[in-house]
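S.K.: Sharing a sequence plus its predicted fold:
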Amino acid sequence: MSAPRDDYIHCPLCGFEFAKADTPCARGCPLSKSCHLISCPNCCYEFPPEPRVVSWWRRLLSRPELPKPPRDLFSLPELEEGEHAELVSLTSEKVSRRNTLAIYGLVPGSQLVLQQKRPSFIVRIGETELALEADIAREIVVRRSRCAHAVDLTENTGAAQKTGSGS
Amino acid sequence: MSAPGSSATLTPAARPEAARDGRTIVLVGNPNVGKSVLFSKLTGKFVIISNYPGTTVEITRGQAALADGPCAVIDTPGINELAARTEDARVTCNVLRDHPGATIVQVADAKNLRRALLLTTQLAELRRPMVLVLNMMDELEHSGHRVNIRKLSEILGVPVVPTIATARTGIHLLEKSIGQAAVPARLELREAAPRSQVALTAAGLPCQDDEYQRNVARLSGVNEIMAQTYTVSRPRHPTFAQQLGAWATHPVKGLLLLGVALYFMFWFVGLFGAGTVVDFFENVVFHRHVNVWAIHAVDAILPFPHQHQTEESEYTLAIPFAPRRGIELTTSTTQVLSPRYTADAHAAPRWWHGIARFVHDFFVGEFGAITMALSYGFAIVLPIVTTFFLLFGTLEDSGYLSRLAVMVNRIFRAMGLNGKAVLPMVLGLGCDTMATMTTRILETRKERVITTLLLALAVPCSAQLGVLMAMAARVSWTAVAFWVGLMTAVVFVVGWLTAKLYGGPSSDFILELPPMRRPQFGNVAIKTLARLEWYLKEVIPLFVLGTAVLFFLDKLDLLTKIARLAEPLVTGWLGLPSQTANAFLIGFLRRDYGAVYLLDAAIGPNPLLSAHQVLVSMVTITLFMPCIATLFMIARELGRQAALIIAAIVTALAFGIGGLVHQLAHGIGL
């Protein structure tokens, strides 16, 4: 019997997290009708509950924070604007869509920069600026590139050394 | 050799005489790399050139004088691959198939070599003599990257010519190189799929797509060539143009920029073009000079006894900044001869008076070819379309229109379209007929049908827009806002409904953004002239024809009968004076002509229409069928049946909504 996440109460003293049903007050305390305090089942500290208005505001303003599992593959919308990435895979079911992207140079292994996410996605592949809509961007799986100049360096492995300025 | 399935039909047997016999050149290349510029530099023939992909939707042929004799040149729509997926790619593929002996000149954007080489590897599979042109070398230089041209030529086995087509640099070298065109070296494709891709495809994703895999392999081959020939410098500080390009697609700055662009467009076309310039041409050039000369000339040749009335011609020269607001510079008022006249009743009638009068009326009467058709055509329509095409040409060349598509994609999605449809829609503000032809850049028939319908229904062309703005000056701001709001609502509702009813898939929104460039004045001017020529050739004959129809109907006394016939519709349903039936009658020929007719009734010292009636007629005429030429173009693009259906829908909606506006306003008691 797990209560929804929102119903958990944090003890301000010991930080223990518990449901209201687990408090001593809920288990037959004779004062529970007239007393509004909550008693922590861990440290027995008694404190007033958070006012409802405050909790509303907190819920309204806060983003739901989901724990992020450590991973190195992202879909394009998960990147921040301006991030460099390497394309890992196109997961689109439509062959024609994958092929269109391939024509513009979006194939596994190519380097891209996410320039903008709204109102439409814009990625840069080399000198090509490509606008995509969110549906398509979601189907692009990428890996973050560490280096800011990764595009230029990895794109042309050894190019800089081979063709010197004097050639 | 494994030719891709889609291009198998165009693989010819490598003909030995092909290189010698290469008297035809086909310009092929990615979209927006400057094929058309190169074409006009080679042939001296003008083609419309813009800075957005898909300007060339039809092939253009020309003759080039090479060092070793004349040579036919064919310009093709840009393609990214040899598969005939879109309409324009099909055109290019057909050209290649129909000219098996032709030399292929692939035009490439030098800074975007990777994409060009992908196409090169596909073209190489055709085994034909080729030349690779690296165009836009100036932009490459500016970006700081470098291409080792000799090495590239060695690897590909074809001549590689660097050019800056707009500045004519390298054209001469190209003309010489065409003779040396060679069949490209075989570029072997290695199956090079990165491990991660293999892992993911093993996880059960579909992998039956040959073409895609082949392109992936081709690209890895291209990357190898790039590594040997292309040197990248560190990115430089973005130029102002790049900065502007980034702003244009920014959610907030983009809207601001759009607002500025729209106001400027409104000012230049609506206020300056349709106001200041039209005023000058209509009131000064035509009313005071051309019409008067024409009347005198006709009277001198055919002197039947009659007396022309005079009317007051008032002219104000002003610099406008908002409708009906501006800095007045000068005002002048004079008395001029009017086409209206009274025949002398007591003069002895002669047999030829009737004929003289007939001819007189045909040229300078109330429905005269000079006093009405030419003055409408040249004084009202010409200034408006000129200013519009100048501005549109500038916008096209700047690369802004593709960025506009990014901004509106979400909104257009609701109508079953995607952002790409904004190009024909905006071009429709110039000329609906041209725009209908441009709908070819859209990928599915559904999108073409919806865009065509919306163009025909609610996108007024520049001529009509100018006239409508002049009419809008007669009504209040609220009424204008209502008109704009209603038109927008109609576009959305009709678009949404059509998308729902038509069914079928919409295409993906994947759009390449061309770099922002400073428009070249020369190109904009030439383009404007070419479009004006096209426009006038279409407009003036139709205006003369329309006027002639009106004239004969008037002479046969049918105008009043038609007006009476249309009375239930025009007077009863729309609440307009019965004379305006002519406007709708003639609106079938050209809707801006109908609008000019209504404008004539709406302005002047004692207008025929009240403000309420002006609004109703504005709504009705905006939604009206654009012109007979557009109808023909729709029939050509979508088939006769679709054209008839669209025409029926548009006419029904125009009168339906116009009538509703009248009935509603009447019911409320406005």
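M.R.: Received the coordinates, thanks.
S.K.: Count the neighbours of B:Glu637 for me.
M.R.: 18 (other C-beta atoms under 10 Å in any protein chain shown). Quick note: C-beta positions are derived from backbone N, CA and C, even for glycine.
S.K.: residues in contact with it?
M.R.: Listed by C-beta atoms under 8 Å, 6 or more residues apart in numbering or on different chains, the contact set of B:Glu637 reads B:436-437, B:439-440, B:448, B:452.
S.K.: Tell me where the chain is predicted with low confidence.
M.R.: If you meant another chain, say so; for now it's chain A. By pLDDT under 70, the low-scoring segments of chain A are A:1-7, A:64-70, A:146-167.
S.K.: wrong one, chain B
M.R.: Chain B contains residues with pLDDT under 70 at B:1-22, B:47-58, B:84-88, B:187-209, B:234-236, B:322-325, B:589-591, B:603-606, B:669-670.
S.K.: Check it and tell me which residue is nearest its centre.
M.R.: Central residue of chain B (C-alpha atoms, centre = their mean): B:Leu427, 3.8 Å from the mean position.
S.K.: check which helix or strand covers it.
M.R.: Element membership of B:Leu427 [criterion: DSSP states H and E] is helix B:422-428.
S.K.: do the same with A:Val142
M.R.: A:Val142 belongs to strand A:140-144 when elements are defined using DSSP H and E.
S.K.: Pull the distance from that strand to the chain's centre.
M.R.: 14 Å (C-alpha atoms, centre = their mean, to the nearest Å).
S.K.: show me what contacts B:Phe321?
M.R.: With C-beta under 8 Å, 6+ apart, B:Phe321 has these contacts: B:267, B:271, B:327.
S.K.: Surely the last one is within a helix?
M.R.: No - when DSSP: H, G, I helix; E, B strand; the rest coil is applied, B:Ile327 is found to be strand, with no helix at that position.
S.K.: quick one: it from B:Thr92, how far?
M.R.: Applying C-beta to C-beta, to the nearest Å, the value for B:Ile327 to B:Thr92 is 52 Å.
S.K.: Same question for B:Met516.
M.R.: If you go by C-beta to C-beta, the gap between B:Met516 and B:Thr92 works out to 27 Å.
S.K.: How about B:Pro607?
M.R.: 54 Å.
S.K.: quick one: which of those two has more around it?
M.R.: Taking neighbours as other C-beta under 10 Å, B:Pro607 and B:Thr92 compare with B:Thr92 leading, 24 against 15.
S.K.: Give me the three-state assignment for A:Glu81.
M.R.: Counting by three-state DSSP, the backbone at A:Glu81 sits in coil.
S.K.: Quick one: residues contacting it.
M.R.: A:114-117.
S.K.: Keep the residues you listed, but drop any that are not near chain B.
M.R.: Filtering the contacts of A:Glu81 for proximity to chain B (criterion: C-beta under 8 Å from any C-beta of the partner chain) leaves A:115-116.
S.K.: Show me which residues of the stretch 351-500 of chain B are close to chain A?
M.R.: Checking the stretch 351-500 of chain B against chain A by C-beta under 8 Å from any C-beta, the hits are B:402, B:405-407, B:409-410, B:413, B:418-419.
S.K.: As JSON lines, those residues with distance to B:Phe321 would be great.
M.R.: Formatted as JSON lines, these follow (distance: C-beta to C-beta, whole Å):
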{"residue": "B:Ser402", "distance to B:Phe321": "30"}
{"residue": "B:Ala405", "distance to B:Phe321": "30"}
{"residue": "B:Val406", "distance to B:Phe321": "31"}
{"residue": "B:Met407", "distance to B:Phe321": "26"}
{"residue": "B:Asn409", "distance to B:Phe321": "33"}
{"residue": "B:Arg410", "distance to B:Phe321": "33"}
{"residue": "B:Arg413", "distance to B:Phe321": "36"}
{"residue": "B:Asn418", "distance to B:Phe321": "36"}
{"residue": "B:Gly419", "distance to B:Phe321": "32"}
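S.K.: hmm, which of those are the buried ones?
M.R.: B:402, B:405-407, B:409-410, B:413, B:418-419 (16 or more other C-beta atoms under 10 Å in any protein chain shown).
S.K.: Widest-spaced pair of those residues?
M.R.: Spatially, the most separated pair among those is B:Ser402 and B:Arg413, at 16.9 Å (C-beta to C-beta).
S.K.: got JSON lines for the contacts of B:Glu637, with secondary structure and neighbour count too?
M.R.: Output for the contacts of B:Glu637, formatted as JSON lines (DSSP: H, G, I helix; E, B strand; the rest coil; neighbours: other C-beta atoms under 10 Å in any protein chain shown):
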{"residue": "B:Thr436", "secondary structure": "helix", "neighbour count": "28"}
{"residue": "B:Met437", "secondary structure": "helix", "neighbour count": "19"}
{"residue": "B:Thr439", "secondary structure": "helix", "neighbour count": "27"}
{"residue": "B:Arg440", "secondary structure": "helix", "neighbour count": "18"}
{"residue": "B:Arg448", "secondary structure": "helix", "neighbour count": "22"}
{"residue": "B:Thr452", "secondary structure": "helix", "neighbour count": "25"}
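S.K.: Tell me the first helix or strand C-terminal of the helix or strand harbouring B:Gly522.
M.R.: Assessed by DSSP H and E, B:Gly522 sits inside helix B:521-555. Sequence order places helix B:558-565 as the next helix or strand after helix B:521-555, per DSSP H and E.
S.K.: Helix B:521-555 and that next one, what's the angle between them?
M.R.: 90 degrees (axes from the mean of the first three to the mean of the last three C-alpha atoms, to 10 degrees).
S.K.: Helix B:558-565 - contacts with which helices or strands?
M.R.: helix B:521-555, helix B:581-587 (3 or more C-beta pairs under 8 Å, 6 or more residues apart in numbering or on different chains; DSSP states H and E).
S.K.: tell me which residues in the longest one are buried?
M.R.: Within helix B:521-555, the residues that count as buried by 16+ other C-beta under 10 Å are B:523-524, B:526-528, B:531-532, B:535-536, B:538-540, B:542-547, B:549-551, B:553-554.
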